[in-house]
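> coordinates for the following, if possible.
(chains A and B)
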Amino acid sequence: MSLSGSPNEGGGVVSRVSTIGVAAHELKSPLVLLRQLALELRSESLTDAERDRLAWQMTHISEKALRLTSDLTKAESQPALFALEPVNPLDVARDVRTELQGIYAAHGRKLDVRRVRNLPPVIANRDLLRRILLNFADNALHYGDVEGAVQLQAQLIRERSIIRLSVRDFGPHMPVKSWRKLVDTLSEGQPVHARPQSSGLGLYISNEFARAMNGSIGAIRHADGASFYVELPVSRQLSLL
Amino acid sequence: MTERVVVVEDDVWLAEHYLRVLRRAGYETYHAGHALGAIDIIDDVRPHAVLLDVLLTGTTALALLHELRSHADLAGIPIVLATNLADQIDIEDVASYGVKRILDKATMHPDDIVAAVRGVVQS
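Got it, this is the predicted structure:
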């Protein structure tokens, strides 16, 4: 499935209103959880260890919400502001793994980067690519199988001169109806329900970031989970060296 | 006898919170992260109540409710919905599925969780 296309063309006002609506929805889940944990902190029967864990969880939930607001701000910026340069995609994948390994460990989960040899660089903005992978990996953490590992994968597709960076999760598959809705709506460039609890804003933002790098995002439904990916052009300049 | 509650919630930390609150209130708790796992656990545990999120990964809560109603020995288990969609769900529309209470995640207090479970277990 390719999600490339012409999102939002001719629908600026409607899209902006829609984005605000889904942003509000997307922020609701972390705020709900944050509020519950804050209320729980007042319980007198908590042990010190439980209290520490609650405070730690609240920090991570806040960071997630802040990352979303930061991404929204970026997504509203002009694409010309994002400098494109040759980037080693596996370096970015490793950075994402490092950034998320604490929260993954807290959930008893593991985020792996599959090694690929001789992978050429892509033309990208390092920060935008990082944010896309963070979105995908965070989504996989919350909606994949509780026991399963999540993999960051890279694949060179020579005939199209692109590299596909995927986040593969393992868990209950999405119902066909939900999946079709995801495919149909994302191809229109609108925020969608990527996962049941999510408004799909993360995917919408990722799509905007990918477009700013002349790339696209997509998803593959597996029997035991899903892959969400970003495709970016190979840097021809460096790959010729 | 300790009363048993199955929590069906795919947000692991929110589930952990529910379980802690319910255990503190004296309940024996079990957790399922998705509807398919929930059916197995409910079948094994035969809980006195189920605390159920609506927007679940994979099979929806509604499918789970349908499944429970189709088994005569599970159909009577009272359900408490805890959801962000509370303002969009009318209790009368879901009462036939065994839903006795609806909690709004955005406004509920931890004590409300215990009160709701206690209310449906005792009724």
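> how many neighbours does the residue lying closest to A:Arg67 once chain neighbours are set aside have?
With sequence-adjacent residues excluded and distances taken as C-beta to C-beta, 6 or more residues apart in numbering or on different chains, A:Arg67 is closest to A:Leu134, at 6.8 Å. Any C-beta I mention is one placed from the backbone N, CA and C, and that applies to glycine too. Neighbour count of A:Leu134, defined by other C-beta atoms under 10 Å in any protein chain shown: 21.
> one more: B:Ala86?
17.
> got the contact list for it?
By C-beta atoms under 8 Å, 6 or more residues apart in numbering or on different chains, B:Ala86 lies in contact with B:102-106.
> which of these lies closest to A:Asp95?
B:Lys105 (33.4 Å; C-beta to C-beta).
> and B:Trp13, its phi and psi?
The phi/psi pair for B:Trp13 (degrees, to the nearest 10) reads phi -70, psi -30.
> so where do the helices sit in chain B?
Taking DSSP state H, the helices of chain B run over residues B:12-24, B:35-45, B:61-70, B:91-94, B:110-122.
> out of the contacts of B:Ala86, which are inside strands?
The strands in this structure, assigned by DSSP state E, contain B:102-104 from the contacts of B:Ala86.
> not counting its neighbours along the chain, what's nearest B:Thr83?
Once flanking residues are discounted, B:Thr83 sits nearest to B:Val54: 4.1 Å by C-beta to C-beta, 6+ apart.
> going by residue numbers, what spans are strands in chain A?
A:85-87, A:111-113, A:122-124, A:150-157, A:162-170, A:216-222, A:225-233.
> hang on, the earlier thing: may I see the contacts of B:Ala86 organised as TSV, with neighbour count and distance to A:Arg130 added?
Formatted as TSV, the contacts of B:Ala86 follow (neighbours: other C-beta atoms under 10 Å in any protein chain shown; distance: C-beta to C-beta, whole Å):
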residue	neighbour count	distance to A:Arg130
B:Ile102	20	40
B:Leu103	19	37
B:Asp104	16	36
B:Lys105	23	31
B:Ala106	15	31
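> ok, the residue nearest to B:Thr83 to B:Leu68 distance?
From B:Val54 across to B:Leu68, the span is 14 Å (C-beta to C-beta, to the nearest Å).
> quick one: neighbours of B:Gly26, just the number.
By other C-beta under 10 Å, 10 other residues sit near B:Gly26.
> pLDDT score for it?
pLDDT recorded at B:Gly26 is 96.
> measure it to A:Arg51 for me?
As defined by C-beta to C-beta, B:Gly26 lies at a distance of 21 Å from A:Arg51.
> just B:Val114 next, same as before
20 Å.
> pull the number of nearby residues for A:Glu85.
Each residue near A:Glu85 was counted by other C-beta under 10 Å, and the total is 11.
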